[in-house]
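1. Please work out how this folds:
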Amino acid sequence: MPSNDVIAHTLQWLSVLLEIDGSPRDRVDAYRQAVKVVRELEQPAADLIRRSGAPGLEVRGVPAPIAKLVADWVLTGKLPVSQPREAGLWPALSRALCGALGIEPQAKKKAPVAVPAFHRPVWESWQ
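-> This next block holds a predicted model:
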């Protein structure tokens, strides 16, 4: 089970990735609010979720979609990472974060990406 520190750190990085990806400000702020709540919990979030489910986090101020994401992670052991857009930095950063945290994003058929030859070494280093 992930500790409160691991949950907060992961949510913080997800907020950064969402911000880089150009997500709406209120969505990014919702993740940051969830980070604050999880860091301030006096008990392990995993125990709270096992007793009360996602509503246990919601009543403490975690937005419902994020509370569900964390609850699913705690109960299944897998972080349900949403699928990134095909363009921009999100795919590469998402893979790097998932790799660092030891989690696997949901499988999705990848479309081939045309990368100019002069960018190929950089692109391949991110794969």
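
2. helices and strands around the helix or strand hosting P65, which ones?
-> Using DSSP states H and E, P65 sits in helix 64-76. With contacts taken as 3 or more Cβ pairs under 8 Å, 6 or more residues apart in numbering; DSSP states H and E, helix 64-76 sits against helix 4-20, helix 25-40, helix 45-52, helix 54-58. All C-beta spots, glycine's among them, are computed from the backbone N, C-alpha and C.

3. For the chain, which residues score under the pLDDT cut-off?
-> For the chain, the stretches flagged by pLDDT under 70 are 81-127.

4. closest to W73 out of the helices and strands packed on helix 64-76?
-> With Cβ to Cβ as the measure, helix 4-20 is the member of the helices and strands packed on helix 64-76 nearest W73 (7.6 Å).

5. quick one, which of the helices and strands packed on helix 64-76 is packed in tightest?
-> helix 54-58 (a mean of 20; mean count of other Cβ atoms under 10 Å).

6. what helices or strands is it leaning on?
-> Applying 3+ Cβ pairs under 8 Å, 6+ apart, one finds that helix 54-58 makes contact with helix 25-40, helix 45-52, helix 64-76.

7. can you put those helices in CSV and add distance to P2?
-> As requested, those are exported to CSV (distance: least, Cβ to Cβ, whole Å):
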stretch, distance to P2
helix 25-40, 10
helix 45-52, 7
helix 64-76, 7
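
8. mind checking which of the ones you listed is nearest L17?
-> So among the helices and strands packed on helix 54-58, helix 25-40 is nearest, using Cβ to Cβ, at 9.4 Å.

9. angle of that closest one against helix 45-52?
-> Orientation of helix 25-40 against helix 45-52 (axes from the mean of the first three to the mean of the last three Cα atoms, to 10 degrees) gives an angle of 100 degrees.
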